[in-house]
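J.: Please work out how this folds:
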Amino acid sequence: MCVEPVEPLVASKLTGPVNTGQRGAPNQKLPLPIIVKVLDDQDRPVPGVEVSFTVGDAGGSVSEPVVESGIDGTAQVDWVLGPTPG
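T.: A predicted model of the protein is given here:
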């Protein structure tokens, strides 16, 4: 029996985010988390990758600035909206 070593998965792309069409009140958490997925060049999920989440000019905050992708390659955060409506 010959067993070949398994090549480690290498992250090559990030898909998503999903749940971006949500609406909410200023300074309140959106109802659903923002989710991205880390994939390799063959679209296989890659666990253990640190993903950074930042908020743009509209303000607000995320529950964690850096999240490690899970076994399914996903990383997610809760997003609290900024103070300005719109």
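J.: OK, contacts around the residue nearest to Asp41 when sequence neighbours are not counted?
T.: Residue nearest to Asp41 in three dimensions, not counting chain neighbours: Ser12, with 4.4 Å by C-beta to C-beta, 6 or more residues apart in numbering. All C-beta spots, glycine's among them, are computed from the backbone N, C-alpha and C. Contacts were defined as C-beta atoms under 8 Å, 6 or more residues apart in numbering; by that measure Ser12 touches Leu39, Asp40, Asp41.
J.: And Thr74, by the same measure?
T.: Ile35, Val36, Lys37, Val38, Pro45.
J.: Same check on Gly16?
T.: Contacts were defined as C-beta under 8 Å, 6+ apart; by that measure Gly16 touches Ile34, Ile35, Val36, Lys37.
J.: what's the spacing between it and Val80?
T.: Gly16 sits at a distance of 19 Å from Val80 (criterion: C-beta to C-beta, to the nearest Å).
J.: And the pLDDT for the residue nearest to Asp41?
T.: The predicted structure scores Ser12 at 95 on the pLDDT scale.
J.: same question, Leu9
T.: Listed pLDDT for Leu9 reads 89.
J.: how close does it get to Val62?
T.: When C-beta to C-beta is the yardstick, Leu9 and Val62 sit 25 Å from each other.
J.: likewise Val36?
T.: In this view, Val36 and Val62 are 12 Å apart by C-beta to C-beta.
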